[in-house]
Each structure stands twice: as C-alpha cells, then as structure tokens.
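In: model this:
(chains A and B, ligands or ions: 1)
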Amino acid sequence: MQKKKLATVWLGGCSGCHMSLLDIDERILELAKLADIVKCPVVDGKELPEVDITLVEGSVTSDEHLHEIKHIRKQSKILVALGDCAVTTNITGMRNYFPLQEVFDTAYRNAVSNDHSGEVPNHPALLRLHDKVVPLQEVVIVDFVIPGCPPNADIIFYVLNELLNDRQPNLASVKKLKYG
Amino acid sequence: MDSTDNRKILISPVTRIEGHAKITIQLDEAGKVTDALFHVNEFRGFEKFCEGRMYTEMPVITPRICGICPVSHTVSSVKACEMIEGIEPALTGDMLRRLIHLGQNISSHALSFFHLSAPDFLLGYDSDPATRNILGIAEKFPDIALRGIRLRKFGQEISERITGKKIHTSGIVPGGMTFPLTTANRKALLDWIPEAMETARMGIDIIKRFQDEHSEMVNSFATSPTHYLGTVGAHGVHEIYDGKLRFVDMDGNILQDQLDPASYLEFIAERSVNWSYLTYPYYKPLGIENGIYRVGPLARLNVASRMKTPAAQKEFERFRKINDGKPVHGSFYFHYARLIEALASVEEIHLLLQDNRIISNNIRTHGHWNQSEGIGSSEAPRGTLFHHYITDKTGKLQKVNLLIATGQNNPSMNRSITDVAKQYVDGNDIKEGMLNRVESVIRCYDPCLSCSTHAMGQMPMKIEVLDVSGKIVSELVRS
Ligand code: SF4
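Out: Numbering: from 1, shown residues only, chains lettered A, B, ... in the order given. Predicted coordinates for the structure are as follows:
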C-alpha cells in the first residue's frame, strides 16, 4: 500500500488535543510507517499540500481560521474534527455569550494588573476576530468527529490506524469515548 | 517561507513551537536585518467569560487554557479557591498535587527538548526540514527518540495513574485531591525512576556536548540581560509547586525576596498597547523602561540559591559557573536549565514516592465560601503563573485576572528574536537554515502561546522593540 499523507492543524483550541495525539507515545513510530506527517505543530512542514487525512483541533474564531479551514477542506480527502472545540466549540465558544467588545475591554482596559497608561489594541491592520466562535461543521463538511476534551489517546490512535488502513472506524466499539 | 519581497521575510506559521505565532523580519534597502517581530495569533477571552460562573468551576475551566501545562492552571486555580475558602489542603492531597505537577513539568520539558528542539541539535539546523523532527531523530538515533518519547510519557503517566486522565484531569480540587494513589500505581511509578533519571541525564549530555561544540554561537545567542522572577522555597531553594517569590536583577542582586504571591499587584503591572494584543508585563518598582524581567527555567535557576536534590545540585553548580555565579542571560541556556529541572523533578518525584504518607487516604479538606478574593500561584513549566479571582457573596465570579508565564517573557522574547535575526539573517542570502535559527530562539523560551493568548490575542502588527533599559529603540508597522 502506498504511504499516505497525514496533517494535523491547530485552530482555536488549547493544544490539549495535540498533546493527546502525542500521548499515543511509542505508537507514533507505527503511524510513521503508514503515513508521512506533512504538517503538524511539531514538524517543519509549512504549506499544506494535498493530503489524505487532516486532523483539526479547535474552533473557528477569526477570519484567518475561516480561511484556513476552507483551504484544509480543499486539500484533504478526509477531514477529522479532533476534540470538543472542533465539534461543539466547547470552552472556546464560551465567549459567545458576551459581546466581543466587552471581552476585549476586560482583557485590555479593566484587568486589575493593567497600569492604565496604555491603549486598547485598535490598530486598523489587526486581524478581525469573529463575533461568534463556530464549530468546524458550521463552515465546512466534516467527515469524521472524535469527541473528548481531549479525546483519549487510544481513541485517536484507533481512528488514525483504521483510516490509514482504508477501514471505516467504528466509534461504537471504543472505550472511554465521551464529550468533556 | 510564505512570501518574500526584498523588504520583508514572513515565516508563517512558526513550526515546532507550542503555539500560534508568526515572525516578521524587517530588512533595510541594503537587505540587512533591521528588526524582527513576533506575532501571536489567537485570542480566547477567558477573563471575561468566566465572570458570572461559580469560583468552584475554575479548576475545571482554566486548564483548558493550555493542554501543555493544564496542571499548573489547575494548581493555581485550586490555591486561589482555597484562599477564598480559607482552608489548607490535606497533607497527602497536597503531596499528590505536587507529584502530578512535577510530572507535568517533566513531560512539558521532555516535549520541548526531545520533540521540538533536539532535531536542531542532533540533525543540524541546516538539515532537511522534512525530516528535522522527532521522527527524523527516530530514524537516525532511534534510542534517543524512544527515550525522549518515554520520558514525556513518564510525566503524563503520573496524572493518568492517579486521576485516570492525562490531560485536563478532574481530580485536583480545592482542599486537595479526590483520588488517592494506590500501592500498585506507586510501585509502577517507582519502577520507572531509574529509566527517567537516565534519560534526563542523557538530555543533559546532549545539550552540553552541543554547547561545547558550538560555544561561540551559544554564547552569542540572544544574550541581552534582563531581571528574573521565580518561586523559591525557604532559604531560596529552587521550587516549582509552592513557595514565595524572588526577583533578582541582571547582576544577580536580590531585588525582593520571599514575596507573598497574593501581593503580586504590588510588584507586577502590565501595559496594553494599541498596536498589539500582547500586553507588556513589567517589574513595577522599576517601571516599564527598566523593569523587563524573565520567568521560566532559566529564571528559576538564576534566582535559586540551590537545588533541592543532589544530582540536580551538582548540575546547578556547573550552570552557575557559566557566568561566574551571576545570572546566565544567554537564551540558549534555557535548554540546559530546562533539562536540569527535568532531572530535579525526577529526583523529587522519587523522594515523594518513597514517603509512605503518599498513599494515605488523607487527601481532602472540605471548605466553603469564606471571603470574596482569592489569589493562587505556581511555577508552570514556562514560569510563574497567577490566578486572581474576585467573587460576590454567593461565590459568583465578578472579576478574573490571569497572569501567564509566556506573557511575562514577551518583551524579552521580542528582543531576543531581533538579536538573532540581526546576527544570522542576511537579506541578500536567505537560507532556510537561517530562518530556522530565528525560530529556534523562540523555541529557547518554549513559549506556550496557547496559554498566553487566552488574554493576548491576534497578531501584533506593529511592535516597538525595547533595549536593555526598556527604552524604545525601534518600531515596525505591518503594511
Ligand atoms: S477539546 Fe479540550 S483539549 Fe481539545 S483543544 Fe478544546 S479545550 Fe483543548
């Protein structure tokens, strides 16, 4: 079988899902036999080529994320939403209950450690955050979801191993599958 | 490299670092580097959206700031909750928390060294980017890669064996722990100690060999001096879980000692700037001009009077000789400091596991809301972390302030990047390896952008670069 191409991308999340991926520990060497990891926060690939599978951690929080996830969709045969932030927005979506301006003011104007001698970030060239954080499937078609905050490493390994061997993973068969 | 015109190099995204970031290097007409920018690219807004929730939810919400140092957030959070409740943690609960926190320190440091940085040292800065990673190490030096992976695993395993989860555990609570350590798990962890010790020593050997062979680069690598902040125990002993704070200046004089973390507002302030979502924390008594300080492994070894355990102490003495007993400023030495801490953490874990009180069931004290304000602090792998909660009488949060390690290193990180860019990048001759060197200065700091960006946000498009005294020496606007 030809070696597959695997990518992992981190959008609006805490990196915990990627850490859980690393928690497959020595088994990463098994995966490396099945696939080249062409893009991942821990390797040096910079452009996303066409890939067989992309795991995406985190929600879509800004224009840059939106652009990125659409590009990922185009480049990936199978797009996997990895973890609760990607699937439901989870903690990352908790700011949706507040107007963005208030969230900013709390961080830059009203923080108790703020010395009140600075300015609130307002440069016109700054990237725009979206008012609402959304999960991946709201903006692209997602082929597979792995819930969990983060998903257990054994589940991530199982899903990857199945997909890389051209089998359809059966999440009903795994232990420790849950949101949160 | 994403785009190049003859004025600007954009490296995006910076890879092999734990977070989202971009760097812009500014060249002048002649193609010489005039400046470099460190862009952080996310904003999550925890301080706002926690308002209105019960303070007791914070130990579960705040670890989601960061998947690499979730335990430090939980620990700072439960300490803040304990201050609100006016309670002390149960003895064994406190020991178990320390154990898990030390485990996280090991896994984070192992990740930083073996997965993210060692590819540069073992395969070379100029080696093929496609294999310049942990899998590339696995091909050439399988034993080292496997040991590195297993050292990280050891750290993670401690949390797994106590709470049943490696990341974002739920067993660490105000008053202590909800899960004890079983005898079987204690034994399994004890059995792992010799291997972990050996791997930590192996890492130290690798970094020392690299330092010896590249001493010129190492000693000229982002060496601008700063002040330092770190937690210390009694008599200034190195400490990462619980203690008082010490500031030392760039010559090693103690500025302030045995500070109560709960009084952090007296000595740290931060300034927000209109061109960046990244605030600039500084040492308040010296002001923003002169008060640049660093936190993290290098800072902790620079502030400590000694280490707790014998093997780490031996290495610490060598470390302190680098600059004749004065603070070591070279950013490259973050790696060495990190590995000494990894060794220290394995030794301390060994001591804790040998103590019979560790398997007691005295794991939790119970409390309830007692006063409106709570402040908790711990040393995250990347430096001093503060959680500050203000509640109403029902325990609902009215205000939350989080001061994160990487944020505190930000002013100095920016400066280090500029130093290195000037040294290594020549616009007329742009090689991949040079760009990687610029990124590698960021990896020295091992920045946890996930953490820092909860409150900092997107790409700063315009940055003022400060000199040693904190004076603005240059300014950049992204056009
Ligand atoms: S799902 Fe949980 S672990 Fe994953 S990115 Fe979100 S908060 Fe982090």
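In: What is the neighbour count of the nearest residue in space to residue B:79 that is not next to it in sequence?
Out: Sequence neighbours aside, residue B:376 is the residue nearest to residue B:79 in space, at 2.9 Å (criterion: C-beta to C-beta, 6 or more residues apart in numbering or on different chains). Heads up, the C-betas are built off the backbone N, CA and C, glycines and all. A count of nearby residues for residue B:376, using other C-beta atoms under 10 Å in any protein chain shown, gives 27.
In: wait, is residue B:376 part of a strand?
Out: Yes - counting by DSSP: H, G, I helix; E, B strand; the rest coil, residue B:376 falls inside a strand.
In: dump the residue contacts of it.
Out: Going by C-beta atoms under 8 Å, 6 or more residues apart in numbering or on different chains, residue B:376 touches B:75, B:76, B:77, B:78, B:79, B:80, B:81, B:82, B:83, B:261, B:386, B:387.
In: ok, it to residue B:402 distance?
Out: Using C-beta to C-beta, to the nearest Å, residue B:376 is found at 11 Å from residue B:402.
In: now do residue B:412
Out: Look at residue B:412 and residue B:402: by C-beta to C-beta, they are 20 Å apart.
In: residues from chain A in reach of the ligand?
Out: Contact residues (C-beta under 6 Å from any ligand atom) of chain A with the ligand: A:13-14, A:16-17, A:57-58, A:83-85, A:90-91, A:149-150.
In: coming back round to it: are there residues contacting both of residue B:376 and residue B:402? Which ones?
Out: B:386, B:387.
In: right, and the helix or strand after the host helix or strand of residue B:157?
Out: Taking DSSP states H and E as the criterion, residue B:157 maps to helix B:142-163. Next in sequence after helix B:142-163, counting helices and strands by DSSP H and E, comes strand B:172-173.
In: contacting residues around that next one?
Out: Residues from elsewhere that reach strand B:172-173 (C-beta under 8 Å, 6+ apart): B:59, B:71, B:74, B:75, B:78, B:97, B:100, B:163, B:364.
In: now with 10 Å?
Out: Strand B:172-173 is contacted by residues B:56, B:59-60, B:63, B:70-71, B:73-75, B:77-78, B:81-82, B:89, B:93, B:96-97, B:100-101, B:159, B:162-163, B:178-179, B:363-366 when judged by C-beta atoms under 10 Å, 6 or more residues apart in numbering or on different chains.
In: what sits against whichever residue of chain B sits closest to the ligand?
Out: Across chain B, no residue is closer to the ligand than residue B:64, which sits at 3.9 Å (C-beta to the nearest ligand atom). Applying C-beta under 10 Å, 6+ apart, we find residue B:64 in contact with A:13-14, A:16, A:84-85, A:90-92, A:94, A:149-150, B:44, B:46, B:70, B:73, B:167-168, B:450, B:454.
In: Now do the contacts for the residue of chain A most remote from its centre.
Out: What lies farthest from the middle of chain A is residue A:117; by C-alpha atoms, centre = their mean that is 36.3 Å. Under the criterion of C-beta under 10 Å, 6+ apart, the contact partners of residue A:117 comprise B:269, B:271, B:272, B:273, B:287, B:288.
In: Just give me the least confident of the residues you listed.
Out: Minimum pLDDT for these is recorded at residue B:273 (72).
In: Bridge partners for that residue, pull those for me.
Out: Residue B:273 has these beta-bridge partners by DSSP bridges: residue B:276.
In: ok, what's across the strand from the most centrally placed residue in chain A?
Out: For chain A, residue A:57 is the residue whose C-alpha lies nearest the centre (C-alpha atoms, centre = their mean; 1.3 Å). Counting by DSSP bridges, residue A:57 forms beta bridges with residue A:10, residue A:82.
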